[in-house]
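S.K.: Fold the stuff below for me.
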Amino acid sequence: MTDPIRPTDDDARTLALDLLSGASYAALGTLSEGTPMVTRAGVLWLPGTGLAMLVSDLSDHARALRANPACSLLVGEPGPKGDPLTHPRLTLRGSATTLDKAAHRGTWLAARPKATLYFDFTDFHIWCLRPAEIFLNGGFGKAFRLTPGDIGLP
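M.R.: Predicted structure coming up:
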């Protein structure tokens, strides 16, 4: 059987970075009491840092991340036409940590001005996924495994 994973090239790296920088939300997968749970989270790509999420402590996924920071994020939405499974998407897997919210306030609000309504609430924290594994589906027959270095992370 032929390996369906293609060698990572500059086009794959560019597509991955385009998906990350263009994402305003993602599907967040966590483990809640040992059971997988997926929800939608607002995200912001922080070059050199990772994919960040603004998450309220009141949410189930925040409790899940505190209990077990292992998680995954899926970015990339299907376009208005065609089979949704032929549109590019990127999955990041790793462990999330919290960032200094005050240090990222200006960056976050410049990119997501509507978050001004709730950013300063004390129950909101910025979690960041610096991926250990990255999977790019660039469309039909275009699967890649990327490294953190492929997307500019140490």
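
S.K.: List the beta-bridge partners for residue 27.
M.R.: Beta-bridge partners recorded for residue 27 (DSSP bridges): residue 40, residue 74.

S.K.: who's in contact with it?
M.R.: Counting by CB atoms under 8 Å, 6 or more residues apart in numbering, residue 27 makes contact with 38, 39, 40, 41, 73, 74. (Glycine included, C-beta is placed from N, CA and C.)

S.K.: Ranking by neighbours, what's the top pick from these?
M.R.: By neighbour count, taken as other CB atoms under 10 Å, the most surrounded of the contacts of residue 27 turns out to be residue 73 (24 neighbours).

S.K.: Could you measure from that residue over to residue 81?
M.R.: Plainly put, residue 73 is 25 Å away from residue 81 if you go by CB to CB, to the nearest Å.

S.K.: For the chain, name the helix or strand with the lowest mean pLDDT.
M.R.: strand 5-6 (a mean of 94; mean pLDDT, DSSP states H and E).

S.K.: That one packs against which elements?
M.R.: With contacts defined as 3 or more CB pairs under 8 Å, 6 or more residues apart in numbering; DSSP states H and E, strand 5-6 has these neighbours: strand 143-146.

S.K.: which strands and helices sit next to the strand it packs on?
M.R.: When contacts are defined as 3+ CB pairs under 8 Å, 6+ apart, strand 143-146 sits against strand 5-6, helix 10-22, strand 124-137.

S.K.: Using a markdown table, please lay out these together with mean neighbour count and distance to residue 65.
M.R.: Converted to a markdown table, these look like this (neighbours: other CB atoms under 10 Å; distance: least, CB to CB, whole Å):
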| stretch | mean neighbour count | distance to residue 65 |
| --- | --- | --- |
| strand 5-6 | 14 | 29 |
| helix 10-22 | 17 | 20 |
| strand 124-137 | 20 | 6 |
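
S.K.: how far is the least confident helix or strand of the chain from where the chain is centred?
M.R.: Relative to its parent chain, strand 5-6 has a centroid offset of 21 Å by CA atoms, centre = their mean, to the nearest Å.

S.K.: same thing with stretch 146-154?
M.R.: In terms of CA atoms, centre = their mean, the centre of stretch 146-154 is found 14 Å from the chain centre.

S.K.: cool, stretch 143-154 as well?
M.R.: Centroid separation for stretch 143-154 versus its chain: 13 Å, with CA atoms, centre = their mean.
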